[in-house]
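S.K.: Here's a sequence, model it:
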Amino acid sequence: MNDIVLLTDQTVLADIAKNDPEWFVCLMAVWQLTNQDVLADIAKNDNNIFVRMTAVERLTDQETLSDIAKNDNNREVCMNAVWRLTDQKLLSDIAKNNKDMFVRDEAVGMLTDHEALADIAKNDNKTLVRFRAAKKLSDQTLAQTVLADLAKNDPDEFVCLTAVKLLTYKEIFDDFTKHIKAKLALENTRC
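M.R.: Have a look, this model is predicted:
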């Protein structure tokens, strides 16, 4: 096993990484691999989560990492791939479309694209993801507009109340207050 760290032949390392019956031997071989095609194959197809995660850590190709983040059946492997992504377009796609809210949330954490963040803050179906996106908006006018929209329109009362607490722009807060008063008056007339 210690001999693996001395190996440099990529073909031999690939064979060990793909075929050795002991997962930790495969893992050590993966650490020595530099061939991106072999690493991608292992990251996508190996049965052992630790071997796949190690292969992901060695990958640099953004499209391959995005594919793994979208399609691996293990959350940790997906998140590991997200953490290696730098391509904002690919991160935006994962943040908007991944089926796992925790993977989406991690992708939001890596995003810097403010249009994508605003869209996610307004439209994601999970509170955690919406708030993380809203908090990342550096354009405070846009952030406050998104928070006001969440405060007014979100079906989750917790989201509404938390958004109200985060509102700082007086005009938006006053507008929200008028909206709530009108809503309460309408509800009172129904009773």
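S.K.: distance between stretch 42-52 and the chain's centre?
M.R.: 20 Å (CA atoms, centre = their mean, to the nearest Å).
S.K.: now do stretch 135-150
M.R.: Taking mean C-alpha positions (CA atoms, centre = their mean), stretch 135-150 and its chain are 20 Å apart.
S.K.: ok, now stretch 97-116?
M.R.: Chain-centre distance of stretch 97-116: 4 Å, with CA atoms, centre = their mean.
S.K.: Check which helix or strand the residue nearest to the spatial centre of the chain maps to.
M.R.: For the chain, the residue nearest the mean C-alpha position is Ala107 (2.2 Å; CA atoms, centre = their mean). Under DSSP states H and E, the secondary-structure element containing Ala107 is helix 101-110.
S.K.: re the thing from before, check contacts around the residue nearest to the centre of the chain.
M.R.: The contact partners of Ala107, taken as CB atoms under 8 Å, 6 or more residues apart in numbering, are Ala69, Val82, Leu85, Leu91, Ser92, Ile94, Ala95, Asn98. For the C-beta atoms, the positions are set from N, CA and C on the backbone; glycine is no exception.
S.K.: From Leu128, how far out is the closest residue to Glu57 other than its chain neighbours?
M.R.: Nearest residue to Glu57, sequence neighbours excluded (CB to CB, 6 or more residues apart in numbering): Asn80, at 6.6 Å. From Asn80 across to Leu128, the span is 20 Å (CB to CB, to the nearest Å).
S.K.: Comparing these two, which shows the higher neighbour count?
M.R.: Asn80 (24 against 13; other CB atoms under 10 Å).
S.K.: Sticking with the more buried one, tell me its helix or strand.
M.R.: Secondary structure (DSSP H and E) places Asn80 in helix 75-84.
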